[in-house]
Structures are given as C-alpha cells and as structure tokens.
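Colleague: A predicted structure for the sequence below; I have some questions about it.
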Amino acid sequence: MIDLHLHFDGSLPVKSVWEQAKKQGITLAAASMDELREMMVCPVDCKSLNEYLEKFDIPLSVLQTREGIKESMEDLIAELISEGMIYAEIRFAPQLHLQKGLTQEDVVQAAIAGVETATLGQEMKVQLILCCMRGSDNVDANRETVLMTSKYLGKGVCACDLAGAEALFKTESFADLFAYAAELGVPYTIHAGEADGPKSIKDAISFGTKRLGHGVRAAEDASLVTELMENEITLECCPISNVQTKAVVSIEVHPIKEFLYRGLKVTVNTDNRTVSQTTIAKEIQFLRDNLGLTVEEERQLYLNAAESAFLTKKEREGLKNVITKII
Ligand SMILES: [Zn+2]
C-alpha cells in the first residue's frame with residue numbers, strides 16, 4: 001500500500017515517544033503509556049484544525065536531537081513495513097526541530113539516516129517531504145527549508161510542502177516562497193482546501209503545484225473541480241483527519257467518491273497515524289463502511305497514488321504493477 005501524506009510528528013508511535021522521553025530525560029505529564037496515548041490522540045469531538053494541531057507538541061518534544069529523530073523515524077517505518085506498505089512519503093518541518101540547537105540540515109540528515117537504516121534490505125521505499133510552515137515571522141526559515149529540499153533532492157528528500165494554520169495564514173502570502181522553489185527546480189505539494197476554501201486551492205495551483213494536501217474543499221466550486229481534472233492535479237485526501245479537522249462536515253458528505261467519478265487524481269492517505277489513530281487499512285475500511293467504497297474504487301485510489309508519487313516514471317510504473325497484482 002501507498003501513503004503520500006503522512007506527518008512524521010503526528011504519526012510517531014506512542015511507545016517511541018514514551019521510550020525516547022525516558023532516554024532523553026524529558027518529563028512527560030503522563031504517568032503511563034495509556035495516559036500518554038490519550039494526550040497524543042485527537043478527541044472525537046475535535047473542534048478545528050487548530051485544536052488538532054495542538055496534539056503535535058508532545059511528539060515534537062522528543063524530536064529535538066539527532067538520535068531522537070533517527071530512532072523515531074526507524075520505529076515509524078518499522079510499523080509501516082509490518083503493515084505491508086510498499087511506498088511512503090513522510091513529511092515534517094525541519095524548523096520545528098531546532099529547540100535544542102540543531103540546524104535544519106542536522107534535522108534532515110538525521111531523518112535521512114533513519115530512513116536508510118529502517119529500509120535497508122527491505123522492499124519498501126520511503127522518501128521525505130520537507131514542510132515549510134505557514135506563519136508571518138519565518139520567511140528565512142521557510143527559504144532555508146526549500147534550499148535543504150534542493151540540496152537533498154534525490155538523496156532521501158523528494159519535495160517540499162507548506163503546512164500549518166491555513167485559515168490564519170493565507171496561501172496567497174506564499175507566492176514568493178514557491179517562486180523560489182520553482183527557481184531551484186524543487187517539486188512541491190501544498191496543503192490547501194482543508195481549513196480554507198477554493199481560493200486557497202486556486203492560489204496553490206497558480207504557484208504551479210501538481211499536488212494538493214487534502215484539497216477536499218474544491219467540492220465547493222464546480223469549475224475548480226473541472227480545472228483540477230483537466231490539469232491532472234493530485235488530491236491527497238485523508239478521510240478520517242478531514243472529518244476531525246472539520247474540512248468536511250461529516251464522512252457522509254466527503255467528496256472522495258465524487259472526485260473519483262469526475263476522473264480526478266484523488267488518493268487516500270493517513271495524515272497523522274497517531275493523532276487520528278489510523279492506518280491506510282483503517283482509512284479504506286472507513287470509506288467502505290460509510291461511502292460503500294468498492295474494490296475497483298480502492299484500486300483506482302492506489303493507482304492514482306502510484307502515478308502521483310514523487311518518483312521517476314519507471315518507479316511509478318513499478319508501483320502500479322505491484323498494486324495491480326495485489327488488488
Ligand atoms: Zn497534512
């Protein structure tokens with residue numbers, strides 16, 4: 001299976017956080033692993049994307065050292081391998097890992113080292129996406145993230161992204177950042193159409209992105225859906241997270257099947273495995289139970305993911321062949 005939209009910090013196994021905290025001498029406000037799990041998981045009645053984002057503080061606290069980053073990456077990938085994943089793009093924002101003196105480059109190198117160790121001798125391939133963060137006072141940090149993406153492109157890193165509070169910091173403010181990425185020849189995806197509406201998606205497309213993080217709110221604008229189809233823009237939907245962050249009112253009105261019918265390159269992903277207590281298998285089951293997803297539709301979602309991966313054409317064809325054999 002394939003996951004193109006998976007955040008490192010929001011997907012850290014609870015056990016890894018517990019063990020890393022002990023190892024690094026970090027005091028957690030939890031007395032047991034069960035208590036810790038409760039603190040790291042988004043409640044069912046989560047109010048908004050902003051409340052959802054608050055769940056990242058604990059995992060981030062153990063991801064401030066080279067060892068913490070490398071070992072946690074290994075733990076996460078071991079879980080993905082055990083679930084039969086064949087390809088994943090794991091994303092994180094290097095600028096959120098500098099609290100104990102690391103540079104963005106140290107963070108990227110540690111994450112790459114974790115990927116290399118975890119995938120050694122395995123059939124699964126993992127690449128990293130480096131997230132810039134929405135904000136108003138981090139222009140330099142974001143440019144550095146784009147530069148790091150360029151420096152490590154094809155060496156463990158495959159693209160950059162823009163994450164964070166979409167409704168507070170509008171997509172239109174990041175035109176210069178993505179002009180810089182385009183100038184450096186860096187591929188990118190952009191979180192858009194999650195907490196903000198069609199305008200955010202239109203701005204992201206105007207920056208030349210070929211992929212959108214979520215993009216579910218495109219459903220509010222019929223002409224935009226046509227534009228996404230005609231331009232073969234990939235939508236990285238994450239159904240369970242989309243319900244929790246209120247990107248959709250409920251799963252019953254999630255547009256993923258409508259997008260499939262319209263011929264959009266829509267994919268299914270987890271977003272945050274721990275915060276949303278999910279896996280790719282759970283996402284698919286969630287769609288079967290609530291939207292009657294068929295096996296053919298499931299296969300199409302995976303084929304779309306294979307076609308949209310930040311890989312060479314030959315590698316993408318290889319993934320498609322594997323999927324056709326499995327499903
Ligand atoms: Zn995301």
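Modeller: On my side now, so go ahead. All figures in this text were calculated on a predicted structure; none of them were measured in a lab. Numbering: from 1, shown residues only.

Colleague: Touching the worst-scoring helix or strand of the chain on mean pLDDT from outside, list them.
Modeller: Taking mean pLDDT, DSSP states H and E as the measure, the helices and strands of the chain show their lowest mean at helix 49-53, namely a mean of 75. Residues lying outside helix 49-53 but in contact with it, judged by Cβ atoms under 8 Å, 6 or more residues apart in numbering, are 42, 46, 164-168, 194-195, 241, 244-247, 275. Where C-beta positions appear, they are placed from N, C-alpha and C, glycine not excepted.

Colleague: List every C-alpha atom in the very next helix or strand once past it, with coordinates, as PDB.
Modeller: In the C-terminal direction, the helix or strand that comes right after helix 49-53 (DSSP states H and E) is helix 57-61. The C-alpha coordinates for helix 57-61 follow below in PDB (Å, rounded to 0.1, in the frame of the first residue of the first chain):
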ATOM      1  CA  ASP A  57       3.700  19.400  20.900                       C
ATOM      2  CA  ILE A  58       4.400  16.100  22.800                       C
ATOM      3  CA  PRO A  59       5.900  14.200  19.900                       C
ATOM      4  CA  LEU A  60       7.900  17.200  18.800                       C
ATOM      5  CA  SER A  61       9.500  17.400  22.300                       C
END
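
Colleague: Name the single longest strand found in the chain.
Modeller: strand 125-133 (DSSP state E).

Colleague: Return the members of the contacts of helix 49-53 classed as buried.
Modeller: Judged by neighbour count, with 16 or more other Cβ atoms under 10 Å as the criterion, the buried members of the contacts of helix 49-53 are 42, 46, 164-166, 194-195, 241, 244-247, 275.

Colleague: just to revisit the earlier point, do the least confident helix or strand of the chain and the ion meet at all?
Modeller: No. On the criterion Cβ under 5 Å from the ion, helix 49-53 is out of touch with the ion, staying 9.5 Å away.

Colleague: and residue 91, that's in a helix?
Modeller: No. Residue 91: not assigned to a helix; according to DSSP: H, G, I helix; E, B strand; the rest coil it is strand.

Colleague: Spatially, what comes nearest to it if we skip its sequence neighbours?
Modeller: Take residue 91 and drop its neighbours on the chain: the residue closest to it by Cβ to Cβ, 6 or more residues apart in numbering is residue 129, 3.8 Å away.

Colleague: Report pLDDT for the one you found.
Modeller: Residue 129 carries a pLDDT score of 98 in this model.

Colleague: With residue 124 instead?
Modeller: Per-residue confidence for residue 124 comes out at a pLDDT of 97.

Colleague: State the number of residues packed around it.
Modeller: Residue 124 is surrounded by 15 other residues when neighbours are defined as other Cβ atoms under 10 Å.

Colleague: Residue 311 too?
Modeller: Counted by other Cβ under 10 Å, the residues lying close to residue 311 total 18.

Colleague: Kindly report the same for residue 204.
Modeller: 26.

Colleague: so which strand or helix has residue 161?
Modeller: Residue 161 is part of strand 157-163 when elements are defined by DSSP H and E.

Colleague: and that strand, does that touch the ion?
Modeller: No. In this structure, strand 157-163 remains apart from the ion according to Cβ under 5 Å from the ion; the gap is never smaller than 5.9 Å.
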